[in-house]
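In: Return a 3D structure for these sequence lines:
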Amino acid sequence: MKSARVTANLMALAAIGAVGLLFEFPPDRYGFYPPCPVYRYLHLYCPGCGATRALAALLHGRLAEAMHYNPLFVMLLPLLLLFAGVVYWSAVTRNRIEWPQVPASWAASLLTVMAAFTLLRNL
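Out: Sure thing, here's the model as predicted:
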């Protein structure tokens, strides 16, 4: 069985590789990225639609373009990075993966915001 440190470092390397791939091959110029299944089959934008293009735009320093693709993702990205950093730090320093406890009210608020965002972007 692998230790949490090894797993965390492998996941970090995979994430860095994925970000490098996205930087080098942005989705607006390369078509090998998979389409969103929600949009493909239901023709509705899900809360994540445009997140890949938004991240690619951010990697190239284009904040306005990223906000155009998916403003919710752009605004939540610092929190996602903080969450990932806390999990990574826990794995590296304590050799165990510990997920931060998110208060139920925060999770409910996030789901409400995501539902409202989805509804508004599809109107």
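
In: Mind giving me the packing neighbours of the top helix by length along the chain?
Out: Taking DSSP state H as the criterion, the chain has its longest helix at helix 71-94. Helix 71-94 sits against helix 4-24, helix 51-59, helix 63-69, helix 104-122, with contacts defined as 3 or more Cβ pairs under 8 Å, 6 or more residues apart in numbering; DSSP states H and E. The way it works is simple: take the backbone N, C-alpha and C, and place the C-beta from them, glycine included.

In: For those helices, give me JSON lines that also has mean neighbour count and mean pLDDT.
Out: Converted to JSON lines, the helices and strands packed on helix 71-94 look like this (neighbours: other Cβ atoms under 10 Å; pLDDT from 0 to 100):
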{"stretch": "helix 4-24", "mean neighbour count": "13", "mean pLDDT": "96"}
{"stretch": "helix 51-59", "mean neighbour count": "21", "mean pLDDT": "97"}
{"stretch": "helix 63-69", "mean neighbour count": "15", "mean pLDDT": "97"}
{"stretch": "helix 104-122", "mean neighbour count": "12", "mean pLDDT": "95"}
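
In: Those: which one's closest to Ala91?
Out: helix 4-24 (3.5 Å; Cβ to Cβ).

In: What are the contacting residues of whichever helix or strand comes after the closest one?
Out: Helices and strands here follow DSSP states H and E; after helix 4-24, the next one along the chain is helix 37-42. Residues outside helix 37-42 that contact it (Cβ atoms under 8 Å, 6 or more residues apart in numbering): Leu44, Tyr45, Cys46, Cys49.

In: what is the mean pLDDT for helix 37-42?
Out: Mean per-residue pLDDT for helix 37-42: 93.

In: mind checking how far it is from the chain centre?
Out: 19 Å (Cα atoms, centre = their mean, to the nearest Å).

In: mind listing what's buried in that helix?
Out: Residues of helix 37-42 classed as buried: none (neighbour count, 16 or more other Cβ atoms under 10 Å).

In: ok so, going back, could I get the helices and strands packed on helix 71-94 in CSV, plus columns for distance to Ala91?
Out: Listed next are those as CSV, based on distance: least, Cβ to Cβ, whole Å:
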stretch, distance to Ala91
helix 4-24, 3
helix 51-59, 23
helix 63-69, 29
helix 104-122, 22
